[in-house]
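**Student:** Give me coordinates for this.
(one chain, ligands or ions: 2)
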Amino acid sequence: MIYERVALIGLGLIASSMAHALRRDRLAGEIVGYARTAETRETAREIGLCDRVTDTAREAVEGADLVVLAVPVGAMGPLAEEIGPALRPGATLTDVGSVKRAVIEAVTPHVPQGVHFIPAHPLAGTEYSGPRSGFATLFDNRWCILVPNGADRQAVERLAQLWRGMGANVDEMDADHHDLVLAVVSHTPHLIAYTMVGVADHLERVSHGEVIKYSASGFRDFTRIAASDPTMWRDVFLTNRDATLDILGRFTEELFVLQRAIRMGDGAHLHAYFTQTRAIRRGIVEAGQDTAAPDFGRAPVTAPG
Ligand SMILES: NC(=O)c1ccc[n+]([C@@H]2O[C@H](COP(=O)([O-])OP(=O)(O)OC[C@H]3O[C@@H](n4cnc5c(N)ncnc54)[C@H](O)[C@@H]3O)[C@@H](O)[C@H]2O)c1
Ligand SMILES: O=C(O)C(=O)C[C@]1(C(=O)O)C=C[C@@H](O)C=C1
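**Tutor:** Ligands and ions are numbered 1, 2, ... in the order given. Reported below is the predicted structural model:
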């Protein structure tokens with residue numbers, strides 16, 4: 001056991017996955033949960049997600065030695081303000097938000113002296129949300145980035161141990177760098193997926209039925225991503241504005257170059273570009289970062305008999 005009492009605030013995909021993983025690996029003495037709506041609290045009680053579900057956030061955090069904010073990024077500040085006075089001295093307060101600088105700015109003013117605030121971000125998710133969507137293996141072999149921001153090292157190591165216990169690999173990063181990296185590997189790709197699905201939706205010459213029926217796997221992957229929670233992603237773009245706009249600017253510049261290459265019939269340019277991007281994908285597969293990828297390319301070739 002790493003923490004005696006863990007309070008999960010917001011019982012959606014990430015918190016419910018944490019609850020399952022904490023139980024699987026016996027990492028918490030008691031798991032207390034709170035959700036904003038009575039319906040979510042009821043569901044959580046019905047499925048036995050936590051040991052206890054409280055009707056207020058303050059009640060949930062009382063006496064907890066770890067408090068996890070697992071709500072959309074824009075809701076973190078007001079929530080921290082609400083629970084701040086009820087946090088136990090010596091407790092660790094963390095979050096799982098997809099953006100770090102904005103969460104630090106919104107939460108820090110409400111953290112009482114003696115409470116360790118250690119932002120975190122598990123790089124794992126699905127397009128589903130809510131208390132029934134979690135599963136214990138979500139964090140297995142995935143990264144969790146901690147942003148210690150000068151916090152007590154012992155408290156940081158304890159939180160890192162918890163994430164490792166839930167199956168994740170742990171790295172540390174500065175908040176601004178985190179937000180830039182995530183703008184490249186997660187936020188802008190989500191925006192592009194949302195846009196591509198929107199384009200298909202708005203076409204008049206191709207019917208909805210055809211888009212669904214003939215959806216090839218590339219587009220299907222886009223639609224999976226574009227089905228992600230609208231509130232969560234609205235908040236991501238509103239709070240990681242500068243980094244996303246920077247990467248989006250670069251994206252549109254490169255898109256225009258490719259558009260011109262297609263118009264001009266410049267096959268050499270297209271081929272060279274696609275050769276370079278293929279190397280990135282191969283690097284990901286070789287590093288074992290895509291467990292779903294077939295491994296025929298990586299299997300050792302042995303001579304028969
Ligand atoms: N889904 C992912 O892929 C993923 C991955 C890593 C991190 N995150 C981050 O984790 C956090 C939670 O995401 P999730 O996927 O678990 O979301 P979710 O939609 O499944 O759950 C969010 C929970 O927060 C509650 N909530 C919403 N607004 C609230 C408010 N104003 N006050 C109090 N509670 C509120 C909702 O009722 C719900 O219980 C977000 O900050 C998100 O950026 C998500
Ligand atoms: O697999 C997915 O559904 C995700 O989008 C998960 C994903 C991502 O990889 O971009 C999305 C947002 C998070 O903050 C972390 C992980």
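**Student:** and residue 174, what does it touch?
**Tutor:** Applying Cβ atoms under 8 Å, 6 or more residues apart in numbering, we find residue 174 in contact with residue 147. The way it works is simple: take the backbone N, C-alpha and C, and place the C-beta from them, glycine included.
**Student:** Give me the pLDDT for it.
**Tutor:** Reported pLDDT at residue 174 in the predicted model: 97.
**Student:** If you rank every helix and strand of this structure by mean pLDDT, what lands last?
**Tutor:** Lowest by mean pLDDT, DSSP states H and E among the helices and strands of the chain is helix 208-213, with a mean of 86.
**Student:** after that one, next one along is what?
**Tutor:** Of the helices and strands lying after helix 208-213 in sequence (DSSP states H and E), the nearest is helix 217-225.
**Student:** Can I get the next helix or strand after that next one as PDB, trimmed to CA atoms?
**Tutor:** Beyond helix 217-225 on the C-terminal side, the first helix or strand identified by DSSP H and E is helix 230-239. The C-alpha trace of helix 230-239 is given here as PDB (Å, rounded to 0.1, in the frame of the first residue of the first chain):
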ATOM      1  CA  PRO A 230     -16.200  17.600 -26.200                       C
ATOM      2  CA  THR A 231     -15.900  19.300 -22.800                       C
ATOM      3  CA  MET A 232     -12.400  17.800 -22.200                       C
ATOM      4  CA  TRP A 233     -11.100  18.800 -25.600                       C
ATOM      5  CA  ARG A 234     -12.700  22.300 -25.600                       C
ATOM      6  CA  ASP A 235     -10.800  22.900 -22.300                       C
ATOM      7  CA  VAL A 236      -7.500  21.500 -23.800                       C
ATOM      8  CA  PHE A 237      -7.600  23.900 -26.700                       C
ATOM      9  CA  LEU A 238      -8.700  26.900 -24.600                       C
ATOM     10  CA  THR A 239      -5.800  26.300 -22.100                       C
END
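**Student:** Please compute how far helix 230-239 lies from its chain's middle.
**Tutor:** How far helix 230-239 lies from its chain's middle: 12 Å, per Cα atoms, centre = their mean, to the nearest Å.
**Student:** So which residues on this protein come close to ligand 1?
**Tutor:** Contact residues (Cβ under 6 Å from any ligand atom) of the chain with ligand 1: 10-15, 35-37, 40, 70-73, 75, 79, 96-98, 122, 125, 129-130, 229, 232.
**Student:** Keep only those of these that are in helices.
**Tutor:** Among the residues of the chain next to ligand 1, the ones falling in helices (DSSP state H) are 13, 14, 15, 40, 79, 232.
**Student:** out of these, who's nearest residue 152?
**Tutor:** Checking these against residue 152 by Cβ to Cβ gives residue 79 as the nearest, at 22.4 Å.
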